[in-house]
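Visitor: Below are the sequence and a predicted model; questions follow.
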Amino acid sequence: MEPILLTIVLAPLLGAIIAGLLRNQVGRVGAHSVTILGVGISCVLSLYVLWQFAFEGAATYNETVYTWMVSDGLRMEIGFLIDRLTAMMMAVVTFVSLMVHIYTIGYMAHEEGYERFFSYIALFTFSMLMLVMANNFLQLFFGWEAVGLVSYLLIGFYFKRETAIFANMKAFLVNRVGDFGFILGIAAIAMYFGSLDYKEVFDRAPQFADKTIVIWGDSSWMLMTVICILLFIGAMGKSAQVPLHVWLPDSMEGPTPISALIHAATMVTAGIFMVARMSPLYELSETALTFVLVIGATTAFFMGLIGIVQNDIKRVVAYSTLSQLGYMIAALGASAYAAGLFHLMTHAFFKALLFLGAGSVIIGMHHDQDIRNMGGIRKYMPITHWTALLGSLALIGFPGFSGFFSKDAIIEAVHHSQIAGAGYAHVLLVAGVFVTALYSFRMYFLVFHGKGPRDEHAKAHLHESPAVVTVPLILLAIPSVFIGYFTVGPMLFGDYFDGVLTVAAVHDTLGQIHFDGAFAFMLHGVMALPFWLAMAGLATAWFVYTRKPEIARNLAIRFDWAHFILDRKYGFDEFNQMVFAGGSKMLGRFLWMVGDRALIDGIAVNGSAHSVGRFAAAVRYLQTGMLYHYAMAIIVGLLGLLAWFVLRG
């Protein structure tokens with residue numbers, strides 16, 4: 001098994017090194033060939049590993065590959081933990097990444113930095129694989145930071161644009177906030193458990209279930225609550241949960257392929273994977289679960305509302321990602337870890353499809369991203385249209401599509417949860433179904449229906465994207481439609497995650513859902529409120545944006561205050577700019593004035609120089625060059641010493 005696993009990890013890395021360091025030698029064709037080959041090998045082998053676990057009953061693989069350092073008994077290692085959760089994540093990450101790599105050939109055909117971009121996205125794949133395959137917290141943190149670094153490079157790929165530089169710095173700084181909590185959580189684990197190995201920590205976790213610690217003052221905190229919340233703060237940054245969500249919409253400044261890679265199967269899902277992997281810890285703290293549940297539900301609903309007023313096609317899909325990540329996080333908070341992971345998997349396919357479909361539209365529109373300038377594109381780009389429609393139906397949870405099974409399972413699980421905050425979360429998640437359908441089909445109708453683009457020149461040159469772009473769309477559309485139906489049974493109500501996820505008996509919400517097969521589950525869902533809310537959102541979008549567009553204009557005028565709040569994204573950006581960015585600038589300016597100019601320059605550097613100068617000027621008068629002056633000084637000094645000895649005696 002080890003040679004296969006090393007090949008899965010190292011093949012994308014080798015491709016990234018060749019495309020990046022030897023780009024002048026291999027050229028464009030060589031760069032995309034070597035990276036696609038590397039990711040393709042990784043994908044095939046990952047699917048083989050998944051097959052072994054799903055159908056051949058392979059045993060969990062948990063071995064150390066390399067010991068980096070041992071310090072005071074704390075082992076820092078590189079190793080792999082391969083079980084059914086890891087196998088699923090490996091397959092999803094590599095398949096979506098492979099589709100993005102192929103798609104990039106068409107999308108970036110005329111862009112500068114072509115080889116550099118392929119090097120970055122292959123390196124991204126390597127980083128995510130290191131994260132999901134880790135068997136210890138050190139390697140997890142390495143992968144965690146590596147995807148953050150590469151995302152910084154990719155978001156700022158167009159480094160000549162000020163907006164891109166601002167966006168990648170924003171992503172970097174916001175994630176530093178989350179990562180600060182994350183590394184504190186890992187430090188607490190190392191301090192109290194004396195190990196960074198998953199298995200050792202999970203086996204010993206019940207011993208610390210009732211342990212309390214004092215952080216400040218006399219108040220006591222449950223150790224497991226502190227650790228779990230600190231780790232989740234890291235997930236809030238990576239998976240863009242309120243209030244650390246502000247970086248994700250701005251990540252659209254990067255090229256569309258990286259938007260698909262970040263939003264679908266890699267960086268933003270790292271937080272969901274991490275919390276699910278840490279289920280043995282989270283099950284020991286209901287306070288932490290409540291925190292996770294409330295944050296997830298809040299993100300799911302309120303970020304979805306912002307999507308309704310967005311006019312940039314990529315930003316609509318970006319706020320959809322924020323909302324869907326909230327659904328996954330809410331599932332984790334309700335201890336329905338399998339449901340959260342199931343939605344992670346289905347969402348990876350249809351969200352990658354929607355982003356790449358948006359990129360295909362952008363290509364056709366000559367990089368105009370404003371959906372108000374579009375319309376009627378279905379006549380010119382039929383493959384893009386039909387695949388985007390399938391992706392949209394999967395997103396809103398239309399019966400039979402993959403998103404239907406995962407979304408309904410989350411809502412049902414939260415409904416059955418007895419954890420504090422579950423009632424609040426359930427209301428927001430159900431309401432979010434209407435919102436999701438409204439913004440999704442608002443975008444669909446404005447882009448693909450209507451009279452056609454306003455720009456006659458753009459309309460005259462509209463045509464379907466090349467096969468290198470449309471083939472990945474078709475290949476992503478297939479699992480977006482079917483994978484939920486065929487996997488809902490084993491993943492949610494079967495034994496697929498047995499022995500992988502830990503769920504306390506009192507928290508087993510999925511066990512309370514009656515399941516008689518995928519078709520029966522679908523029939524039950526058709527009679528439930530979420531389905532009718534989704535249909536109401538779809539119908540509202542159709543009526544308002546194709547039949548009576550003046551309704552939308554009148555509502556925006558009548559409720560201008562609500563439109564203003566949503567358009568300003570609840571003021572998070574302004575708050576961060578004024579309080580955190582502005583406060584940091586003021587603090588920096590103060591420290592520069594007081595510390596740098598006054599203390600360092602004024603006293604330490606310039607002050608020392610001036611003091612030496614003044615002292616030298618005074619001493620210079622003693623250097624007369626007259627021999628009798630020096631003789632007199634020696635005599636006076638000698639008399640002084642004699643007097644001192646006499647008086648002392």
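Guide: Great, that's in hand. Numbers count the residues shown, from 1 in each chain.

Visitor: I'd like to know which helix or strand in the chain has the lowest mean pLDDT.
Guide: Within the chain, no helix or strand scores below helix 456-460, which has a mean of 64 by mean pLDDT, DSSP states H and E.

Visitor: just checking, next helix/strand downstream of it?
Guide: Next in sequence after helix 456-460, counting helices and strands by DSSP states H and E, comes helix 467-488.

Visitor: chain center to that following helix: distance?
Guide: Relative to its chain's centre, helix 467-488 lies at 23 Å (C-alpha atoms, centre = their mean, to the nearest Å).

Visitor: Show residues contacting the next helix or strand after that helix.
Guide: Downstream of helix 467-488, the next assigned helix or strand under DSSP H and E is helix 518-526. For helix 518-526, the surrounding residues in contact (C-beta atoms under 8 Å, 6 or more residues apart in numbering) are 399-400, 404-405, 408, 485-486, 488-489, 515, 531. For every residue, glycine as well, the C-beta is placed using N, CA and C.

Visitor: Now the buried members of those.
Guide: 399-400, 404-405, 408, 485, 488-489, 515, 531 (16 or more other C-beta atoms under 10 Å).

Visitor: Which two of the residues you listed have the greatest separation?
Guide: Gly489 and Phe531 (19.9 Å; C-beta to C-beta).

Visitor: Extract the C-alpha set from the longest strand along the chain and format it as CSV.
Guide: The longest strand of the chain (DSSP state E) is strand 61-71. Taking C-alpha atoms only, strand 61-71 is exported to CSV below (Å, rounded to 0.1, in the frame of the first residue of the first chain):
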residue,chain,number,x,y,z
TYR,A,61,-3.8,1.7,6.9
ASN,A,62,-2.1,3.7,9.6
GLU,A,63,1.7,3.9,9.3
THR,A,64,4.6,6.3,9.8
VAL,A,65,6.6,7.0,6.6
TYR,A,66,9.2,9.3,8.1
THR,A,67,10.2,10.5,11.6
TRP,A,68,11.3,14.1,11.4
MET,A,69,12.1,14.8,15.0
VAL,A,70,11.6,13.5,18.5
SER,A,71,11.6,16.2,21.2
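
Visitor: From the contact counts, what lies against it?
Guide: With contacts taken as 3 or more C-beta pairs under 8 Å, 6 or more residues apart in numbering; DSSP states H and E, strand 61-71 sits against helix 2-21, strand 74-82.

Visitor: Identify whichever of those lies nearest to Val506.
Guide: Nearest to Val506, of all these, is strand 74-82, at 27.2 Å by C-beta to C-beta.

Visitor: Pull out the buried residues from the closest one.
Guide: Counting neighbours by 16+ other C-beta under 10 Å, strand 74-82 gives 75-82 as buried.

Visitor: pLDDT score assigned to the closest residue to Ala240 other than its chain neighbours?
Guide: Nearest residue to Ala240 in three dimensions, chain neighbours excluded: Leu248, at 4.0 Å (C-beta to C-beta, 6 or more residues apart in numbering). As predicted, Leu248 sits at a pLDDT of 85.

Visitor: go on, the one 5 residues further on?
Guide: Confidence at Glu253, expressed as pLDDT, is 84.

Visitor: ok, so what distance separates Tyr48 from Ala318?
Guide: Going from Tyr48 to Ala318 by C-beta to C-beta, to the nearest Å gives 34 Å.

Visitor: With neighbour numbers in mind, choose between the two.
Guide: Comparing Tyr48 with Ala318 by other C-beta atoms under 10 Å, the one with more neighbours is Ala318, at 26 against 14.

Visitor: What helices and strands are in contact with the one helix or strand the more buried one maps to?
Guide: Element membership for Ala318, per DSSP H and E: helix 313-333. Helices and strands touching helix 313-333, by 3+ C-beta pairs under 8 Å, 6+ apart, are helix 247-250, helix 256-264, helix 270-277, helix 286-307, helix 337-364, helix 402-416, helix 422-448.

Visitor: picking up where we left off before, for Asp179, which of the helices and strands packed on strand 61-71 is the nearest?
Guide: strand 74-82 (18.2 Å).

Visitor: Run through who's touching that closest one.
Guide: Counting by C-beta under 8 Å, 6+ apart, 1-2, 5, 49, 60-70, 133-136, 138-139, 190, 194-199 sit against strand 74-82.

Visitor: thinking again about what came up before, what's the average pLDDT for the helix holding Ala318?
Guide: Averaged across helix 313-333, pLDDT comes to 92.

Visitor: Distance from the chain centre to that helix, please.
Guide: The chain centroid and the centroid of helix 313-333 are separated by 11 Å under C-alpha atoms, centre = their mean.

Visitor: Report the angle between it and helix 256-264.
Guide: Angle of helix 313-333 versus helix 256-264, following axes from the mean of the first three to the mean of the last three C-alpha atoms, to 10 degrees, is 20 degrees.
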